[in-house]
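1. coordinates for the following, if possible.
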Amino acid sequence: MADDATTWSLIHAGRTSLASTVAELTPEQWRTPSLCAGWTVGALAAHLLASAEQTPGRFLAGMVTSGFRFGALMERDIAARAALTPEQVADRLLLRTTTTNKPPAPAVAMLGEVVVHSEDLRRPLGLPGRVDKDAADLCLDMYSRANVPVGGKRRIAGLRLVSTDTAWSCGDGPDVTGPATSLLLAMTGRSAGLSDLTGEGVPALRARL
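-> Residues are numbered from 1 along each chain as shown. Presented below is the predicted three-dimensional model:
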């Protein structure tokens, strides 16, 4: 596992790349459904900005005022940024490419947020991903070892996952092979990742999504 300084450098690089993508989105793209059910690309961008601007104190206060309903807090944070244009979201994301504020969670969880949600935003628009290989491998390690919050460990149990574009692999059993970002999407419950995956373990993984 990378140290926090390395992880934050990857987070900042991911935010810079995401800001570049967001700044160029058209109004039609902004309204396109993302891979996150119920969220448009614009809502997902607002969520990523809210996460980047979050602090422990603000998070805890928000949980109290939202009745400790995490989903409600996320929706409220998105609504508070709903009027921002793509350019404004991009500008504010760039302000968070040197800071290390976060909610009470490990830095690698913030990296996972950036990496996976960037794919959630770009894939429905047909935009190429720009995920750093080290960042992808760190996220694969994290999600493969934990069931909270997205059930990754449970979803890939009894399978061997092998990345074709990084050095990462994990597990024993029928193979699931493909690009690191597609493995990440499938591991975190996104069926959009399955089209790039091959191997005898794909049907079992598909059944668990």
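
2. show the contacting residues for the residue nearest to Leu60 when sequence neighbours are not counted.
-> Using C-beta to C-beta, 6 or more residues apart in numbering and skipping residues adjacent in sequence, the residue nearest Leu60 is Pro104, 7.3 Å away. Every C-beta, even on glycine, is put in place using the N, C-alpha and C of the backbone. When contacts are counted by C-beta atoms under 8 Å, 6 or more residues apart in numbering, Pro104 is found next to 56, 59-60.

3. all strands for this protein, in order.
-> 160-163, 169-170, 175-178 (DSSP state E).

4. for Glu119, find the nearest of those.
-> Glu119 lies closest, by C-beta to C-beta, to one member of the strands of the chain: strand 175-178, at 13.2 Å.

5. counting contacts, what elements does the longest helix seen in the chain pack onto?
-> When the chain is parsed with DSSP state H, its longest helix is helix 4-23. In this structure, helix 4-23 makes packing contacts with helix 41-53, helix 86-94, helix 107-122, helix 133-145, judged by 3 or more C-beta pairs under 8 Å, 6 or more residues apart in numbering; DSSP states H and E.

6. just put the strands of the chain in CSV and tack on mean pLDDT and distance to Leu95.
-> Formatted as CSV, the strands of the chain follow (pLDDT from 0 to 100; distance: least, C-beta to C-beta, whole Å):
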stretch, mean pLDDT, distance to Leu95
strand 160-163, 98, 33
strand 169-170, 96, 36
strand 175-178, 98, 35
